[in-house]
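S.K.: next come a sequence and a model predicted from it.
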There are 2 protein chains.
Amino acid sequence: MTPILPVDPPARLLMGPGPVNADPRVLRALATPLVGQYDPWMTDTMTETMGLYRDVFATDNEWTMLVDGTSRAGIEAALVSLIEPGDSVVVPVFGRFGHLLVEIAGRCGAEVHAVDAEWGTAVPASKIREVVETVKPKVLASVHGDTATTIAQPLAELGEIAAANGALFYVDATATLGGNPFDMDAWGIDVATAGLQKCLSGPPGSAPISLSDKAVDVINGRRSIEAGLRGDGDTESTRRIASNYFDLGMIMDYWGPKRLNHHTEATSMLYAARECARVILEEGRQNVIDRHKTAGDAMAAGLAAMGLPLYGDQEHKMANVVAVEIPEEVEGEAIRASMLADFGIEIGTSFGPLAGRVWRVGTMGVNARRDAVLQTLAALEQVLRIGGFRKLDPGAGVDAAFAIYQERA
Amino acid sequence: MTPILPVDPPARLLMGPGPVNADPRVLRALATPLVGQYDPWMTDTMTETMGLYRDVFATDNEWTMLVDGTSRAGIEAALVSLIEPGDSVVVPVFGRFGHLLVEIAGRCGAEVHAVDAEWGTAVPASKIREVVETVKPKVLASVHGDTATTIAQPLAELGEIAAANGALFYVDATATLGGNPFDMDAWGIDVATAGLQKCLSGPPGSAPISLSDKAVDVINGRRSIEAGLRGDGDTESTRRIASNYFDLGMIMDYWGPKRLNHHTEATSMLYAARECARVILEEGRQNVIDRHKTAGDAMAAGLAAMGLPLYGDQEHKMANVVAVEIPEEVEGEAIRASMLADFGIEIGTSFGPLAGRVWRVGTMGVNARRDAVLQTLAALEQVLRIGGFRKLDPGAGVDAAFAIYQERA
């Protein structure tokens, strides 16, 4: 048998739509020794991490914690805990991840009303308002930034629409949190979920979540009464949350003072999540958002100056990822492959109607840095040149990015 | 604001029922830099990890992979993917985790038939056979080792019972895999799930899973046909798996050659899971099982010699954890607290009827070592002496453990 060697990945600069490189401090935190799940130090660390994520989400919500799974686990925990079969849910769809919310809400038994935008644009608030006023849904569920199209849906008005119509407002902030303005309480968001692998500079596998009091009341109303305790009139079976693992009522009882055993908290991922938050708060939440804005603008300016048309409504673009149209005279996948194999730099393509039509270039988390932006532009210029892109203006990409950094210095 | 410091846990020797200390090699693997999810190196590493877990589970099953979440996520993925509302499920219950299978199967809409054992014993196979023959369930679902009682249910006969009655056989091997005999294919197990935090010496947060061809057929029969593709006769909505995150059909499409995007694989936990398997296979699967047997026997002999009666049917005890009755003249929780605070050693109590009645002492994973056994016995002797345990025979515990190691050397 060939000996199996320790894990030894190639060096990569991850400038795609995420996951991106983890901050080295987060990698070190991951290697920290474990303690028992009810060790006083462990429960203190869980409580401390709840506080750190309140600051990351910009919320006062007591119930701010982690779901043990990837960002999709956070989405499903939120939706399955809020939605009962037959409930109405309205979902603005402006990219692939809107479709995902539709799909998950559907599996929860919801009657889903999608409100579509043309790809590359946000959904007009007026269109959402109309549907919400007609449907009067239990939940208005929206992605914040959809990396598939790089568009960020404005949320403040949606919070107002949800509140005015008695709906809970759920937001999937996986791709935006930490790198774009996000004000949970000010925007009237009842439940927000995220992941670590985008602007938070961590590995995928832990999903920060925050619940407003209104959301907690809904979840508490669905707490399961055990078989032996049920009265004749209880219609328990229809209201019980369909998932045990994602039952946010039980997850609150585990993270809260009751400390009722549910799952066994994923200790190493807790360490990682804590460090992601610590690193952001140490730099300053607003400073990190500003750094993403500058890096994203520099990357977009550089790509445009290089002769690559920017895709989508730039007024509603996420700060941390930009899409550009792939020139007809080059082979998109060959360019990406050379970027990865020859220069060690990953950039992305997209899904569905945009597969093979655009490249997506991210500047997020620890990679929202000037040197990472400049390396990417310099390498892409060489690969495009070799690949036969005729419009290329040598040096223009790096110059444009430099200019953004100089003007913001 | 007080500065938030990097994570810095106290030194702990984790000799409870798990999680236990991670192998330092697994901690180092966790700190490995990330790559993109479709990087050829990443997909190769996923495929390689599937092969390693085939050897850990002792199976030829193609579909052997990881569910991104704690061991409970693996259980729910298995049950929700197999069970349709109204299906019958038989569950032997011989401790807390049997109750958990009942609870999760219930949330999946199953009609659940529990077959109870007295706590501290395994369920007689004849009793399970009777219920399975009467009910003819779709799934026979059993915990292998229930850490709540330290009992291991013999599985080979259950596999035969399931097969003879056309039932799928699901086993939760979280607490036993790697440290106890476990032969998935030979025992006729269709689906097995586990976690890393017990005998595999890893952190909680990743759930290895393996599916027989029979199980895969059932899951493939429930694949979701998208709305636009459905014919008039399709009764898709009742057969679709209720969870997106735990839809094993979609998880297979992500791990398999199709590489269809589902979640974003939790890279760091993948590295950890790979290293857990690598470390076991390097030592040799049977050698690791033998090491657990010796350490468990030494710990049990030591505790008994110290004057602590062993709890439960010793003929059906898991190798990696032992329970002892707490003497009446000492305060159980004060002893545990002193072990932790003064000696840095964690031991456990139990749940439900056994809470405060027994201590549970584990010897698993990297801690199934002679020095860890002897340290624990030596420390416990001192804490029991100070705590006023009158029957204590000084030195007897360590002598008995030494004797086991000498006789097996």
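M.R.: Everything's here; your move.

S.K.: from A:P9, how far off is the residue nearest the centre of chain A?
M.R.: The centroid of chain A falls nearest to A:T174 when counting by Cα atoms, centre = their mean (1.0 Å). Separation of A:T174 from A:P9 (Cβ to Cβ, to the nearest Å): 23 Å. To be clear about C-beta, it is placed using only N, CA and C from the backbone, and glycine gets the same treatment.

S.K.: next one: A:E84
M.R.: With distances taken as Cβ to Cβ, A:E84 is found 44 Å from A:P9.

S.K.: give me the more crowded residue out of the two.
M.R.: Comparing A:E84 with A:P9 by other Cβ atoms under 10 Å in any protein chain shown, the one with more neighbours is A:E84, at 18 against 15.

S.K.: nearest spatial neighbour of A:L14, chain-adjacent residues omitted?
M.R.: Setting aside the residues directly before and after it, A:L14 is nearest to A:V20 in space (Cβ to Cβ, 6 or more residues apart in numbering or on different chains), at 4.5 Å.

S.K.: for that neighbour, helix, strand, or coil?
M.R.: Secondary structure, DSSP: H, G, I helix; E, B strand; the rest coil: A:V20 is coil.

S.K.: which pLDDT value belongs to it?
M.R.: Per-residue pLDDT puts A:V20 at 97.

S.K.: list the residues that contact it.
M.R.: By Cβ atoms under 8 Å, 6 or more residues apart in numbering or on different chains, A:V20 lies in contact with A:L14, A:Q197, A:K198, A:S201, A:G362, A:M364, A:G365, A:V366, A:N367, B:L34.

S.K.: again with A:L374
M.R.: By Cβ under 8 Å, 6+ apart, the residues touching A:L374 are A:V398, A:A401, A:F402.

S.K.: one more: A:T149?
M.R.: Applying Cβ under 8 Å, 6+ apart, the residues contacting A:T149 are A:F94, A:G95, A:R96, A:W119, A:G120, A:Y311, A:G312, A:A323, A:S350, A:L354.

S.K.: find the nearest non-adjacent residue to it, please.
M.R.: Excluding its sequence neighbours, the residue lying closest to A:T149 (Cβ to Cβ, 6+ apart) is A:G95, at 4.0 Å.

S.K.: neighbours around the one you found, how many?
M.R.: Counted with other Cβ under 10 Å, residues neighbouring A:G95 total 28.

S.K.: ok, it to A:G312 distance?
M.R.: Distance, A:G95 to A:G312, by Cβ to Cβ: 10 Å.

S.K.: repeat that for A:W255.
M.R.: Noted for A:W255: a distance of 38 Å to A:G312, by Cβ to Cβ.

S.K.: swap in A:S71?
M.R.: Counting by Cβ to Cβ, the gap from A:S71 to A:G312 is 22 Å.

S.K.: same question for A:G16.
M.R.: Note on A:G16: its distance to A:G312, by Cβ to Cβ, is 17 Å.

S.K.: surely A:M306 is in contact with A:E381?
M.R.: Yes. Counting by Cβ atoms under 8 Å, A:E381 is a contact partner of A:M306 at 6.3 Å.

S.K.: ranges for the strands of the stretch 251-400 of chain A?
M.R.: Assigned by DSSP state E, counting those that start in this stretch, the strands in the stretch 251-400 of chain A fall at A:321-325, A:345-346, A:358-362.

S.K.: include mean neighbour count, distance to chain B and mean pLDDT when you put the ones you listed into TSV, please.
M.R.: Below are these laid out as TSV (neighbours: other Cβ atoms under 10 Å in any protein chain shown; distance: least, Cβ to the nearest Cβ, whole Å; pLDDT from 0 to 100):
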stretch	mean neighbour count	distance to chain B	mean pLDDT
strand A:321-325	26	14	98
strand A:345-346	24	5	98
strand A:358-362	27	10	98
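
S.K.: so which of these is nearest A:R408?
M.R.: Nearest to A:R408 among the strands of the stretch 251-400 of chain A is strand A:321-325 (16.8 Å), distances taken as Cβ to Cβ.

S.K.: follow-up on the earlier one: give the residues shared as contacts by A:G95 and A:G312.
M.R.: A:W119, A:T149, A:I151.

S.K.: look up how far A:T121 lies from the closest residue to the first one other than its chain neighbours.
M.R.: Yep, that's A:W119 we're talking about. Nearest residue to A:W119, sequence neighbours excluded (Cβ to Cβ, 6+ apart): A:T149, at 5.4 Å. Going from A:T149 to A:T121 by Cβ to Cβ gives 8 Å.

S.K.: any weak-confidence spans in the stretch 151-300 of chain A?
M.R.: Where the stretch 151-300 of chain A drops to pLDDT under 70, the residues are A:225-238.

S.K.: around chain B, pick out the residues from it.
M.R.: Within the stretch 151-300 of chain A, the positions near chain B by Cβ under 8 Å from any Cβ of the partner chain are A:195, A:197, A:203-205, A:240-246, A:261-269, A:271-272, A:274-275, A:278, A:281-282.

S.K.: of those, buried ones?
M.R.: Neighbour-count burial (16 or more other Cβ atoms under 10 Å in any protein chain shown) is assigned, among those, to A:195, A:197, A:203-205, A:240-246, A:262-269, A:271-272, A:274-275, A:278, A:281.

S.K.: show me where chain A has its helices.
M.R.: Here chain A has its helices, by DSSP state H, at A:24-30, A:40-57, A:71-82, A:96-107, A:125-135, A:156-164, A:213-220, A:236-239, A:248-255, A:267-283, A:285-305, A:332-343, A:370-387, A:396-408.

S.K.: CA atoms only for the first one, dumped as PDB, please.
M.R.: Same thing as helix A:24-30. Written as PDB, here are the backbone C-alpha positions of helix A:24-30 (Å, rounded to 0.1, in the frame of the first residue of the first chain):
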ATOM      1  CA  PRO A  24      -3.300  32.700   9.300                       C
ATOM      2  CA  ARG A  25      -4.500  33.700  12.800                       C
ATOM      3  CA  VAL A  26      -7.700  31.700  12.200                       C
ATOM      4  CA  LEU A  27      -5.700  28.700  11.000                       C
ATOM      5  CA  ARG A  28      -3.700  28.900  14.300                       C
ATOM      6  CA  ALA A  29      -6.900  29.100  16.300                       C
ATOM      7  CA  LEU A  30      -8.100  25.900  14.600                       C
END
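
S.K.: any buried residues in it, and which?
M.R.: Residues of helix A:24-30 classed as buried by neighbour count (16+ other Cβ under 10 Å): A:R25, A:V26, A:L27, A:R28, A:A29, A:L30.
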